[in-house]
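> generate coordinates for the sequence data below:
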Amino acid sequence: MDLSVSEELFVQDLFLTSENVCNISMKRVGQSLLDVLYVNLASNYDAVAVACMMCLVERYHEMTSRRGAKGLTPFYTEAFALLGSRLKLIIDLHLLSLEEATPESLGGVSLANTPHYIT
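Numbers count the residues shown, from 1 in each chain. Here you go, the predicted structure:
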């Protein structure tokens, strides 16, 4: 990310161009990062990891905005939306598994000792 921000700033300074040229050049960087994210998120069911990724994406978006690099803003927007939808899916699956859980399916648990079970 840091390298792509530096490259965007270099392109702006060298060619004295508007942000449109930088958006075109950074689109390929963002798309390759999104491709990796799509592949890795498909098999991820770790809600904490996805939430941490959302925090990291938001943090990098703030950092690049402060440095004046706007070329990766579409990437950050799409990555945050993708991570958010995946987090919602994971949490919904966790809630569904809790709703369907019974003390018998958890095996060998006495209800007298564990009042935190939902029946």
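
> in the chain, which spans are helices?
Along the chain, counting by DSSP state H, helices occupy 2-15, 19-41, 47-66, 73-100, 103-106.

> any chance of JSON lines for these, columns mean pLDDT?
Output for these, formatted as JSON lines (pLDDT from 0 to 100):
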{"stretch": "helix 2-15", "mean pLDDT": "68"}
{"stretch": "helix 19-41", "mean pLDDT": "78"}
{"stretch": "helix 47-66", "mean pLDDT": "91"}
{"stretch": "helix 73-100", "mean pLDDT": "92"}
{"stretch": "helix 103-106", "mean pLDDT": "71"}
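
> a markdown table for those, including mean neighbour count?
Where you see a C-beta, it was placed from the backbone N, CA and C, and this is true even at glycine. Shown next, in a markdown table, are the helices of the chain (neighbours: other CB atoms under 10 Å):
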| stretch | mean neighbour count |
| --- | --- |
| helix 2-15 | 14 |
| helix 19-41 | 14 |
| helix 47-66 | 15 |
| helix 73-100 | 14 |
| helix 103-106 | 10 |
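
> now the residue sitting nearest the centre point of the chain. Nearest residue, chain neighbours left out?
Centroid-nearest residue in the chain, with CA atoms, centre = their mean: L83, separated by 3.5 Å. Spatially, and ignoring its direct neighbours in sequence, L83 is nearest to M54 (4.7 Å; CB to CB, 6 or more residues apart in numbering).

> alright, I will stop here.
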